[in-house]
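Trainee: predicted model, plus sequence, below.
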Amino acid sequence: MISDVHTIKDEPKPVANELDDSFKSARVNIRRFAAVALISLTIFSISAISWTYYREQTLVEGLATKEAKANFNKDLSFRKWATKHGGVYVPPDERTPPNPALAHLPHRDLVTKDGKKLTLMNPAYMMRQMTEEFEQFYGVKGSITGLVLLNPPINSPDKWEREVLNRFEFDSSEVIEIIDIDGAPFLRLMRPMFMTEGCVKCHGFLGYKDGDLRGGISVSIPLAPYFEEARNVSMIMAITISVLWCVGVFGIFRHTKSRLAQVDMATQHTGELRAEIATRIEAEKALKTSEERFILATTGSSDGLWDWLDITGDAKWWSSHFYELLGYKEDEVNASFSKFIEFIHQEDQEHAFQGIKNHLEKDIPFDVEFRMCTKSGEYLWFRCRGQAIRNEKGRAVRLSGSIQNINDKKLAQDKVIKLTQELEQRVKERTMELEASNKELESFSYTVSHDLRTPLRVIDGNSEILMQLCAEKLSDDEMEFLKHLQDSGRKMNEMISGLLKLSRNINCEMERQQMDLSLLAQEVYQQFSMADPERDVEWVVEKNISAKCDPALIKVVLENLIGNAWKYSAKTDNARIEFGVQHKDDQEVFYVKDNGVGCDMAQAEKLFQPFKRLHTSEDFSGDGIGLATVQRIIHRHGGRVWAESEIGKGTTLFFTL
């Protein structure tokens, strides 16, 4: 069946555009409201924090002013009381000595009848001591001062007090200012002080009379405690307002998100409605187009189409190509389900029935292959596929599909299967031949190990006995012949040992695992170094080289490669042996490199052949089997091994795994 996707084009554009503009405007207004609300909330929060800070600063100044006035009134009351009584007499001591500024008074110092000495403390003297003690206990400073002083060293005004006293000459109102004293903020209050009748006693000799401006009384309140409290209150208010701001922002975000979601939902519903209307408008044209394309598809397709209109009945519809695949004309066979089953080979009918049943009942895809009888009586292979149409309850009510001629493909598959079976049989036969060959090799190894070594031991032993018993009777040439005979036997024995070793390495079972080749190479090198500790060789090994390989076999490889490097660099000054890895074409290439005697690369093919040596036994010992063993082990790992060398400059042996 052919299905099409049609683009909705005919919806009323003015209405659609009006709806789109309305939704777009709603989104803009919602976001604009959210922005205004957020800005307003932010401005309000900043204003509240700023107002709180300003209010606290104003409150600090007001409270400090009240405290200053209270202290001033206290000092003024005390001064008036002291002035009213003309001062007080106290016993003189170190802290309260006779006031030299009152030396002009005849009664400054008195002695009581019982001989006790007293000295006069005038109001200024009393005020000075009281304010000093008050400052010590409470931090509040106070002073009585003037421009003309009775006691200059003690009652001298500071810079601020002198400026205020000068103002009092023209304006006698109080002065309140915030001034730093010794780096700390203080609120300072100063009011003018006028002469009274009681003041004339002490200050009259300076020319002052009752009612004259004598100086001023100042009070200094420390503001640090007030500012600390104000900062704490401002901080608490700032945190509270910030929390409320965050809550407000979250509320604005939630509200905005909810409103936008409502607009999106309305947009979606409107879009669905427009789509439904447009779909109805397009339905007739789409149905007509679908019918035309279905006719074209059934005519041009190489498959034969069928439709079981009602699975409870027998009636079916077959396309014209369905008839052609079976060799019939449309008027020669009546299309029906029973006739369809009748064409299927009896051996395949149960398989076809089961495929249809599984699809209708279990919704398993219907895709089966079976043989069908053509008009000529020949059975051909067909592939049949179908899809059920189900009602609202999920029950199949209709089944449609196609058949495809796969006879050539099926015959080709059968041929491939036959060839595969023949190949498997050949592999099996070859495997049996290899197993037999391995058994023969094991038997040969046993013969070499036992049968051939016995006569060699006899030759070696008898030669040794002749050399010991007949040493005095034999000439030097004859002794040399015996020694040569003995050396040849031993060399033959070494060759047999090499062959056995090569055989064991080839036939042993492999067990791959991840190996640290750097650590293994270090162990192998230590073996050679401990065996010949007098040699001075620079050993270089790259760290963290690992590979998946057989532990025992890879150790044999490294023993042979590092052993060759150790051996062929023995006559080289500043000998150097290196083990490392290179990366070429996404493959790890391991290597063992030395700066020894090297070899002629023209004869490099002999390196990996058993018993083929490029150096004489007199120059370098060996049995000529090491690199042949290495090659076979590397081949068993699926890798390869090769050499690069230059005479007098050393050799590098590479291998992959």
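Mentor: Thanks, I have it.

Trainee: I'd say residue 583 and residue 589 touch.
Mentor: Yes: contact criterion CB atoms under 8 Å: residue 583 and residue 589 qualify, at 7.3 Å. Just so you know, the C-beta spots here come from the backbone N, C-alpha and C atoms, and that holds for glycine as well.

Trainee: which of the two has more neighbours?
Mentor: residue 589 (17 against 8; other CB atoms under 10 Å).

Trainee: which ones are touching that one?
Mentor: 581-583, 654-656 (CB atoms under 8 Å, 6 or more residues apart in numbering).

Trainee: and of those residues, the nearest to residue 358?
Mentor: Ranked by distance to residue 358 (CB to CB), these are led by residue 656 at 51.6 Å.

Trainee: separation between that closest one and residue 638?
Mentor: Residue 656 sits at a distance of 8 Å from residue 638 (criterion: CB to CB, to the nearest Å).

Trainee: cool, residue 334 as well?
Mentor: Distance of residue 334 to residue 638, computed by CB to CB: 65 Å.

Trainee: who has more neighbours, the two?
Mentor: Per other CB under 10 Å, whichever of residue 334 and residue 638 has more neighbours is residue 334, with 12 against 8.

Trainee: quick check, pLDDT for the more buried one.
Mentor: Residue 334 is assigned 87 on the pLDDT scale.

Trainee: just residue 500 next, same as before
Mentor: 64.

Trainee: how many other residues sit next to residue 599?
Mentor: 19.

Trainee: for residue 350, same thing?
Mentor: Neighbour count for residue 350, taken as other CB under 10 Å: 11.

Trainee: contacts for the helix or strand containing it, please.
Mentor: If you go by DSSP states H and E, residue 350 is part of helix 346-362. For helix 346-362, contacts defined as CB under 8 Å, 6+ apart pick out 311, 341, 344, 364-368, 370-371, 384, 386, 388, 396, 399.

Trainee: where in the stretch 451-600 of the chain is pLDDT low?
Mentor: Counting by pLDDT under 70, the stretch 451-600 of the chain has low-confidence residues at 451-454, 456, 458, 487-508.

Trainee: doesn't residue 592 fall inside a strand?
Mentor: Yes: counting by DSSP: H, G, I helix; E, B strand; the rest coil, residue 592 falls inside a strand.

Trainee: and the least confident of the contacts of helix 346-362?
Mentor: residue 311 (82).

Trainee: and the residue nearest to it when sequence neighbours are not counted, how many neighbours?
Mentor: Spatially, and ignoring its direct neighbours in sequence, residue 311 is nearest to residue 399 (5.7 Å; CB to CB, 6 or more residues apart in numbering). The tally of other residues near residue 399 (other CB under 10 Å) stands at 21.

Trainee: most neighbours, which of the contacts of helix 346-362?
Mentor: Going by other CB under 10 Å, residue 384 tops the contacts of helix 346-362 with 23 neighbours.

Trainee: you'd agree that residue is up against residue 401?
Mentor: Yes: judged on CB under 8 Å, residue 384 makes contact with residue 401 at a distance of 6.5 Å.

Trainee: overlap in contacts, those two.
Mentor: residue 366.

Trainee: what's the longest helix in the chain?
Mentor: With secondary structure taken from DSSP state H, the chain has its longest helix at helix 224-300.

Trainee: what pairs with the following helix or strand past that helix, and is each one parallel or antiparallel?
Mentor: Next in sequence after helix 224-300, counting helices and strands by DSSP H and E, comes strand 304-308. Strands flanking strand 304-308 in the sheet, each with its direction: strand 317-318 (antiparallel), strand 396-405 (antiparallel) (DSSP bridges).

Trainee: restricting to C-alpha, output strand 304-308 in PDB.
Mentor: Provided in PDB are the C-alpha atoms of strand 304-308 (Å, rounded to 0.1, in the frame of the first residue of the first chain):
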ATOM      1  CA  GLY A 304       2.400  -9.600  -7.200                       C
ATOM      2  CA  LEU A 305       0.000  -7.800  -4.800                       C
ATOM      3  CA  TRP A 306      -2.900  -9.500  -3.000                       C
ATOM      4  CA  ASP A 307      -5.600  -8.300  -0.600                       C
ATOM      5  CA  TRP A 308      -7.600 -10.500   1.700                       C
END
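
Trainee: pLDDT of that strand, averaged?
Mentor: Here strand 304-308 scores 86 as its mean pLDDT.

Trainee: tell me the angle of it relative to helix 346-362?
Mentor: 50 degrees (axes from the mean of the first three to the mean of the last three CA atoms, to 10 degrees).

Trainee: now do strand 304-308: everything it contacts.
Mentor: 298, 316-319, 321-326, 335, 337, 340, 386, 398-404.

Trainee: ok, now with 7 Å
Mentor: Contacts with strand 304-308, where a contact means CB atoms under 7 Å, 6 or more residues apart in numbering, come from 298, 316-319, 321-322, 325, 337, 398-403.

Trainee: just the buried ones from the residues you listed?
Mentor: Buried subset of the contacts of strand 304-308 (neighbour count, 16 or more other CB atoms under 10 Å): 298, 316, 318-319, 321-322, 325, 337, 399-403.

Trainee: how about the helices in the stretch 551-657 of the chain?
Mentor: Secondary structure of the stretch 551-657 of the chain (DSSP state H, counting those that start in this stretch): helices at 551-568, 626-636.

Trainee: show me what the first one packs onto, helices and strands only.
Mentor: Looking back up the chat, that one is helix 551-568. In this structure, helix 551-568 makes packing contacts with strand 513-516, helix 517-531, strand 575-584, strand 587-594, helix 626-636, judged by 3 or more CB pairs under 7 Å, 6 or more residues apart in numbering; DSSP states H and E.
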